[in-house]
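1. Please find the sequence and the predicted model below.
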Amino acid sequence: MINQSASGGLKGLSRAVLTAVVAFVLAITIFASTAFAGLVSQYNVEIVIDNNEPIVITTNETEPIEILSQANITLAESDKLDISAFIAGEGGTIRIDKENNINIEFDGVINTYCVYEDTVGAALVALGINVTDKDKVNYVLTDSIRDGMVITIQSSKSVSLSADGKTTKYAIHQGTVEDLLSLAQITLGKDDYTKPALDTQLKANMNVQVFRVAYKDVVEKESVAFKTTTQNDSSMDQGTQKVVTEGVKGEDEVTYKVKYVNGKETEKTETARKSVKNAVTKVVKVGTKKVEPSAVVSNGVTSKNGYTVGQKISGRYTHYCACATCNGNSNGITSSGKRISNGMSDPYYVACNWLPLGSVISVDGTNYTVVDRGGSGLSTVGRIDIFTPEGHSACYKYGTGNCTIEIVRLGW
């Protein structure tokens, strides 16, 4: 009984130990396989920043950003990431190109540009600047780009760019006017333009101009001229007039679309007009009563300024009409206020400077009233200019001549 009991207890203990051993072996197997699997998935990745020495990192990450994070590298917004030579899970190269600001000095003017290229030569090519053996550059073209560096170029050939009130010279480079604007980081608005045109090939000593175009609505107040109407009045002597209603200018509110080129107004187009105040028409009464040359009313003056009524003078006459050439103006108003016009009935008017206005003289038996003045030639005693309502051609027709003048009345 005791042997049996002991034997049975040993068998139970052996089973427990065996189970524990199996479990332990399984755990070791799982651990070993897992650790081995992790060791197998790791691989090497090369990270190159610009032209610096590459950084090699061992990783089991597959995403480039996670790999860079593992290497404590943070990308800036302006950085360019090149993973064309990287294969996830296998390796390769992740390249980072940093943006660098470089300054290019040409003809004493420095301009700043953003580049990603690694060498001076590559940066100049990317900017479209064509440097020849005859040009002087303060760096070797194979020198590495450094942020903030100043590259000085001395060249006998250049193009100039005038934009936004500033003119800058650039070393001659290949391409078009559009390429030059890109180099200068100048953006055109939808209405802006250049001379020469954008597709023009650049040449040495070319001057490129940028024209900024802007439109603006402008509201202005403008006066409106009044009209003049005439009314014939048979009770008034021919050649006289009377204003019945004074004319008054009106006012309009006008909207213009104004075009400005480089800040200067070049074009103005009316787009709307609204009347603010209506103009008042001027009304003038014009006398139509014919004045007979013999109808002379005495004013009681017998002598004036050395002249006497009845005095006879040897004179010389010419003729004039109401045109601007003869009369000096086209409004037909004489020095006395009498109105003349070509085509009217003959009012028998003369111009002279030596008798008072309103005087009446008999010229070879025909009475004329002095209503106007003239040039210095009419200041000579006996010199008169006879008004001819038949027009300019009639003045030439009647011509000039000598006459006998008798003073009928002195002044009005």
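-> Yep, it's here.

2. residue contacts, the one residue sitting closest to the centre of the chain?
-> Compute the mean C-alpha point of the chain, and by C-alpha atoms, centre = their mean the closest residue is Val261, 1.3 Å away. By C-beta atoms under 8 Å, 6 or more residues apart in numbering, the contact set of Val261 is 211-213. All C-beta spots, glycine's among them, are computed from the backbone N, C-alpha and C.

3. Now do it against Arg339, distance only.
-> Distance from Val261 to Arg339, counting by C-beta to C-beta, to the nearest Å: 48 Å.

4. What score does Asp133 have for pLDDT?
-> Reading off the per-residue confidence, Asp133 sits at a pLDDT of 75.

5. again, but for Asp252
-> According to the per-residue confidence, Asp252 scores 97 in pLDDT.

6. Let's verify it: helix, strand, or coil?
-> When the structure is split into helix, strand and coil by DSSP: H, G, I helix; E, B strand; the rest coil, Asp252 lands in strand.

7. what about it, how many neighbours?
-> A count of nearby residues for Asp252, using other C-beta atoms under 10 Å, gives 16.

8. Quick check, it in contact with Glu270.
-> No. The pair Asp252 / Glu270 is not scored as a contact, 10.1 Å apart, by C-beta atoms under 8 Å.

9. Overlap of the contact sets of the two?
-> With contacts taken as C-beta under 8 Å, 6+ apart, Asp252 and Glu270 have no neighbour in common.

10. now the contacts of Val261: which count as buried?
-> Those of these that meet the buried threshold are 212-213, by 16 or more other C-beta atoms under 10 Å.

11. Could you list which of the contacts of Val261 belong to strands?
-> Per DSSP state E, strands hold the following members of those: 211, 213.

12. Looking at the contacts of Val261, which is nearest Asp82?
-> Of all the contacts of Val261, Asp82 sits closest to Arg212, with 38.3 Å by C-beta to C-beta.

13. all helices of this structure, in order?
-> Ranges of helices within the chain are 2-41, 64-70, 120-126, 177-183, 324-327, 392-398, based on DSSP state H.

14. where does the stretch 101-250 of the chain have low pLDDT?
-> Low-confidence segments of the stretch 101-250 of the chain, defined by pLDDT under 70: 155-156, 172-174, 239.

15. Going by mean pLDDT, which of the helices of the chain comes out lowest?
-> Going by mean pLDDT, the lowest-scoring of the helices of the chain is helix 2-41, which has a mean of 44.

16. Got the confidence number for Val296?
-> At Val296 the predicted local distance difference test score is 86.

17. Please work out which residues outside the longest strand along the chain touch it.
-> If you go by DSSP E, the chain has its longest strand at strand 264-277. Applying C-beta under 8 Å, 6+ apart, the contact partners of strand 264-277 are 217, 221, 224, 250-260.

18. now, among those residues, which is nearest to Lys397?
-> Top of the list for closeness to Lys397, among these and by C-beta to C-beta, is Val224 at 42.5 Å.

19. wouldn't the closest one be in contact with Ala279 here?
-> Yes. Using C-beta under 8 Å, Val224 and Ala279 qualify as a contacting pair, with a distance of 4.9 Å.

20. which residues are common contacts for these two?
-> Contact criterion C-beta under 8 Å, 6+ apart; residues shared by Val224 and Ala279: 249-250.

21. Going by residue numbers, what spans are strands in the stretch 151-300 of the chain?
-> Taking DSSP state E, counting those that start in this stretch, the strands of the stretch 151-300 of the chain run over residues 158-163, 166-171, 193-195, 207-211, 213-224, 228-237, 241-245, 250-261, 264-277, 282-289.

22. Please identify the buried residues of the fourth one?
-> Translated: strand 207-211. 208, 210.

23. Counting by contacts, list what it packs against.
-> Contacting strand 207-211 under the criterion 3 or more C-beta pairs under 8 Å, 6 or more residues apart in numbering; DSSP states H and E are the following elements: strand 158-163, helix 177-183, strand 193-195.

24. Pull out the buried residues from the last one.
-> The reference is to strand 193-195. Result for strand 193-195 [16+ other C-beta under 10 Å]: buried residues Thr194.

25. returning to that earlier point: the longest strand of the chain vs strand 213-224, what angle?
-> For strand 264-277 against strand 213-224, the angle between stretch directions is 40 degrees (axes from the mean of the first three to the mean of the last three C-alpha atoms, to 10 degrees).
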